[in-house]
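Colleague: how would this look folded up:
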Amino acid sequence: MTVESLRFADGEVETVEDFQSARAESGTVWVRASEATPLELERVAGAFDIHHLSIEDIRNEIRPKTEEFEGYTFVLLKTVELARGETTFEEETRVKPVGVFVGEDWLVTLSEYDIDAVSRIWRAALDGDRRIVGRGPDFTAYRVCDGIVDGYFAALDQIEEQIEAVEEAVISDTSIETLESINGVRRELLAFRKLAWPTREAVGYLARGDPEEVRPETEKYFRDVYDHLVQLVDLTETYRDLAGGARDIYLNMLSVSTNEVMKKLTVVATIVLPLTLVVGVYGMNFQDGPFNMPELGWTYGYPAVMLGMFLMSAILVVYFRKAGWL
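Modeller: Just a heads-up that it's a prediction; the model follows:
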């Protein structure tokens, strides 16, 4: 559990222990709670009059959104990463919610996990990065949102590599593992699409400058994040089409493979059928009758029949080879 706070004032940065008292002073206060317990989340929420429903949204599986409350704007975003599954060796899409609360002169980021994107901006602010310090809580919120969205590109790049591997595999491998890989990529893209669409709507609300806490000079930065999300949504749709095309190729290759097997079985059946007829006819060894086959008593009858069967099989094999079936 970690609850930390910074205060930006007159271009200077300092850490503060009592963020409640720091609110009364000049400057901007940023409180970051990562890996926070429910009790710590409630304590921070109480200090900044954050509605308890917003805290519940961070804990529950709620889609990304932006909401305005009295005195602050609440932005719920989610990080995404591909990680090995707990029960499988395949990569799975994992998301972690982050609550960003933007007030007039304060910023609060709450999460139940340690978020790399938030930690990077925090360290930059702690080092006195002029691109963050002194530019207001809304600009710091933009940097956090931008860092989270940048993580989407990294995850999508990994999915792109999986798609390329699948496209190469479907040409030569029609095993069930290849189909499982295709379905796995499609599931990841579906999960990513469910995340990217509402995130675009949430950031679009900020880009329009609807909340009072977002200053006009900061709107253009949120529009830049919005443009990135539009690009992500377009890439997701493109990759879904590619994954669907890979599945179609797999089904076509499977059909071709099945046809090849059926052709070989047909060749075998066609060769064996006349041989079966011959041995079936000569298997009727009737004796002592006027209609018996006269060659049954012929000395060279057996060798002659075997030679005829061999020649018949050879002719059929040559025929099917010329026809391209063998």
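
Colleague: what is the burial count for Glu237?
Modeller: 13 (other Cβ atoms under 10 Å). Placement of C-beta: from N, CA and C, glycine included.

Colleague: show the contacting residues for it.
Modeller: For Glu237, the contacting residues are Arg193, by Cβ atoms under 8 Å, 6 or more residues apart in numbering.

Colleague: now the helix or strand in which Val203 is found, how far from the centre of its chain.
Modeller: In this assignment (DSSP states H and E), Val203 forms part of helix 176-207. Mean C-alpha position of helix 176-207 versus that of the full chain (Cα atoms, centre = their mean, to the nearest Å) differs by 6 Å.

Colleague: same for that helix, what does it pack against?
Modeller: strand 65-69, strand 72-84, strand 91-103, helix 137-172, helix 216-282 (3 or more Cβ pairs under 8 Å, 6 or more residues apart in numbering; DSSP states H and E).

Colleague: export those as JSON lines, with columns for distance to Ser34 and mean pLDDT.
Modeller: Converted to JSON lines, these look like this (distance: least, Cβ to Cβ, whole Å; pLDDT from 0 to 100):
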{"stretch": "strand 65-69", "distance to Ser34": "21", "mean pLDDT": "91"}
{"stretch": "strand 72-84", "distance to Ser34": "12", "mean pLDDT": "85"}
{"stretch": "strand 91-103", "distance to Ser34": "9", "mean pLDDT": "84"}
{"stretch": "helix 137-172", "distance to Ser34": "12", "mean pLDDT": "88"}
{"stretch": "helix 216-282", "distance to Ser34": "21", "mean pLDDT": "84"}
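
Colleague: those: which one's closest to Gly301?
Modeller: Proximity to Gly301 (Cβ to Cβ) singles out helix 216-282 among the helices and strands packed on helix 176-207, at 8.4 Å.

Colleague: what's the following helix or strand after that closest one?
Modeller: Helices and strands here follow DSSP H and E; after helix 216-282, the next one along the chain is helix 301-322.

Colleague: quick one: buried residues of that next one?
Modeller: 305, 316, 320 (16 or more other Cβ atoms under 10 Å).

Colleague: with only the CA atoms kept, save it in PDB.
Modeller: C-alpha atoms of helix 301-322 as PDB (Å, rounded to 0.1, in the frame of the first residue of the first chain):
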ATOM      1  CA  GLY A 301      -4.200 -70.200 -63.800                       C
ATOM      2  CA  TYR A 302      -3.000 -68.700 -60.500                       C
ATOM      3  CA  PRO A 303       0.100 -67.000 -61.900                       C
ATOM      4  CA  ALA A 304      -1.900 -65.600 -64.800                       C
ATOM      5  CA  VAL A 305      -4.600 -64.100 -62.500                       C
ATOM      6  CA  MET A 306      -1.900 -62.500 -60.300                       C
ATOM      7  CA  LEU A 307      -0.100 -61.100 -63.300                       C
ATOM      8  CA  GLY A 308      -3.400 -59.700 -64.600                       C
ATOM      9  CA  MET A 309      -4.100 -58.100 -61.300                       C
ATOM     10  CA  PHE A 310      -0.700 -56.500 -61.100                       C
ATOM     11  CA  LEU A 311      -1.000 -55.100 -64.700                       C
ATOM     12  CA  MET A 312      -4.400 -53.700 -63.900                       C
ATOM     13  CA  SER A 313      -3.100 -52.000 -60.700                       C
ATOM     14  CA  ALA A 314       0.000 -50.600 -62.600                       C
ATOM     15  CA  ILE A 315      -2.200 -49.200 -65.300                       C
ATOM     16  CA  LEU A 316      -4.500 -47.400 -62.800                       C
ATOM     17  CA  VAL A 317      -1.500 -46.000 -60.900                       C
ATOM     18  CA  VAL A 318       0.000 -44.600 -64.100                       C
ATOM     19  CA  TYR A 319      -3.400 -43.100 -65.000                       C
ATOM     20  CA  PHE A 320      -3.900 -41.400 -61.700                       C
ATOM     21  CA  ARG A 321      -0.300 -40.100 -61.700                       C
ATOM     22  CA  LYS A 322      -0.800 -38.500 -65.100                       C
END
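
Colleague: I'd like the distance from that helix to the chain centre, please.
Modeller: 57 Å.

Colleague: then stretch 51-61?
Modeller: Remark: stretch 51-61 is offset 26 Å from the chain centroid, using Cα atoms, centre = their mean.

Colleague: coming back round to it: adding distance to Leu77 and pLDDT, write the buried residues of helix 301-322 out as CSV.
Modeller: Shown next, in CSV, are these (distance: Cβ to Cβ, whole Å; pLDDT from 0 to 100):
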residue, distance to Leu77, pLDDT
Val305, 83, 76
Leu316, 69, 78
Phe320, 64, 73
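
Colleague: quick one: which of those residues is nearest Val233?
Modeller: The nearest member of those to Val233, counting by Cβ to Cβ, is Phe320 at 53.2 Å.
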